[in-house]
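>>> I would like the atomic coordinates for the input below:
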Amino acid sequence: MLLVLVACTSAPIVGPSPGVAVCESLHAAPDGQVADRVPNRALARSWIAETDSDEVLWTDPRTLRSIDHERVPIPAQTWSQALHADGRTLALAAGSVWIVDAEAMRVTTSRRVRGGVTGLAWVGSHLAVLTQTAVRWLDRGGQPISVTAIGGRPVRWGTTERGLAVLTEGDADTSRPATLVWSGPEAVARSVELDDVVAGHVPDEGQFGTVVTPGMAMNEAGDRAVIVQSDGPIAEVDLRTMAVTYHDERSGGMLPSVEAKLSDWSSVEAEWLTDDLVAVWGTSTITRIETEGIDETTMREVPVGLSVLDVRTWSTCEIDPSVVDVVITDGRVFARATGGRRSDDSLVAYDATGRELWRRFGHRRTFDIDVYGPFVYAAMSWDGWLVRIIDAQTGEFVGVREYRPPTLLVPGGSEESE
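Numbers count the residues shown, from 1 in each chain. Got it, this is the predicted structure:
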């Protein structure tokens, strides 16, 4: 995940802005507080342009500058990273998997992996290496333990201390449905086919077909998963029994039907906010190819928007229809809301119920966001790097950097890097 922002106003705009809905019925939910303790250091991955490779280093999260000269070189540009809950054991992947001891600042394991690495995730003291058709389990030292066949390409996954839930795409040619697989390093895998969930390539939608990726959220207890689609029912899976229940409230409205039929890919994200609330957001990307006189290919990002799903009633509330990207931490939601072609994008903070806390207006070009401790980072790279460091609680600017930022790492699993 990259850090990236834009030129912004000098003071935060507090309170709901016109056209942004507030879910009054949800406001009994507790407001999360962003951690106010400033970490002394943060583990990071940095790309080296000259060698197209990575290095692991410790940085100051206040400034994004390295705090010492010691580095761990990785002989490739990695696209997946996963930091263990101990804060010091880091796994990175490209064609191989490297495990780094960040306290000793050395690579402890380097191992080639068959099948291409799609993602990494720590499950207790074991590393799950997701490939196109299987999960390969390694111990913390990088030694193989077992292999779990998952039958298809993984598109979403989540972990607990007990195991890993993987959503795999379906296959329209063979009529194989999307499947949810639950496994562990020493456990017998269990799976359930999701006949009413579309995940993967849909050849009869869009000019060249559409790649559809639903969102998946797991609750903190790790016994329940919710799969949300841009068009279709919500699937609720009891991970203890693999029983599936479908709920019809969600869909009808995440993507306008004409946009959905023209899109090239549609991606929905979902993440649990509280015991009963799930945040849902995403985008649909549309490609236009003009053939009158001059061939021209253009791409347009259509927001799914940000909504909150209440799993007690399976009702939803739309927070902001213009949101395209979200980072969630400590019960707070930090979002990029697109202003379209004629207006600036915004960086917006919400509480867990969707109440807007502050808003920063940015540049007409897109930016990426990330959060570490009490800081939000936003960066843009169109005309050289511009990174702004923002107080997550208040929205005040605390720093500016004009170079490519490192990727700050937090414990958990990762999907493919930007």
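>>> Just confirm residue 111 contacts residue 94, I think it does.
No: applying C-beta atoms under 8 Å, one finds residue 111 not in contact with residue 94, separated by 11.8 Å. C-betas here are computed from N, CA, C, even on glycine.
>>> who has more neighbours, these two?
Set side by side, residue 111 and residue 94 show more neighbours around residue 94, with 18 against 15, by other C-beta atoms under 10 Å.
>>> And the pLDDT for the closest residue in space to the more buried one that isn't next to it in sequence?
Spatial nearest neighbour of residue 94, excluding adjacent residues (C-beta to C-beta, 6 or more residues apart in numbering): residue 76 at 4.0 Å. Note on residue 76: pLDDT of 95.
>>> go on, the one 4 residues further on?
In the prediction, the pLDDT value recorded for residue 80 is 94.
>>> so it makes contact with residue 116?
No: using C-beta under 8 Å, residue 80 makes no contact with residue 116, being 10.7 Å away.
>>> Comparing these two, which residue is more hemmed in?
Neighbours were counted for residue 80 and for residue 116 using other C-beta under 10 Å; residue 80 has more, 21 against 13.
>>> Relative to residue 216, how far out is that one?
For residue 80, the distance to residue 216 (C-beta to C-beta, to the nearest Å) stands at 17 Å.
>>> repeat for residue 102
Taking C-beta to C-beta, one finds residue 102 at 29 Å from residue 216.
>>> repeat for residue 368
Taking C-beta to C-beta, one finds residue 368 at 22 Å from residue 216.
>>> Comparing the two, which shows the higher neighbour count?
Neighbour count, other C-beta under 10 Å: between residue 368 and residue 216, residue 216 has more, with 25 against 20.
>>> which residue packs closest to the more buried one, ignoring adjacent ones?
Excluding the flanking residues, the one nearest residue 216 by C-beta to C-beta, 6+ apart is residue 156, at 3.9 Å.
>>> Report the buried residues of stretch 210-226.
Within stretch 210-226, the residues scored as buried using 16 or more other C-beta atoms under 10 Å are 210-219, 222, 224-226.
>>> And the lowest mean pLDDT element among the helices and strands of this structure?
helix 257-262 (a mean of 45; mean pLDDT, DSSP states H and E).
>>> quick revisit: from the buried residues of stretch 210-226, which land in strands?
210, 211, 212, 213, 215, 216, 217, 218, 224, 225, 226 (DSSP state E).
>>> what two of those are the furthest from one another?
Distance extremes for those: the farthest pair is 210 and 224 at 28.7 Å, using C-beta to C-beta.
>>> rewinding a little: element containing the residue nearest to residue 216?
Taking DSSP states H and E as the criterion, residue 156 maps to strand 154-159.
>>> Which secondary structure elements does the helix or strand following that strand sit against?
Downstream of strand 154-159, the first helix or strand assigned by DSSP H and E is strand 164-168. Applying 3 or more C-beta pairs under 8 Å, 6 or more residues apart in numbering; DSSP states H and E, we find strand 164-168 packed against strand 154-159, strand 178-183, strand 215-218.
>>> Kindly recompute the last result at 7 Å.
strand 154-159, strand 178-183 (3 or more C-beta pairs under 7 Å, 6 or more residues apart in numbering; DSSP states H and E).
>>> With distance to residue 354 as extra columns, can I get the ones you listed in TSV?
Formatted as TSV, the helices and strands packed on strand 164-168 follow (distance: least, C-beta to C-beta, whole Å):
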stretch	distance to residue 354
strand 154-159	23
strand 178-183	28
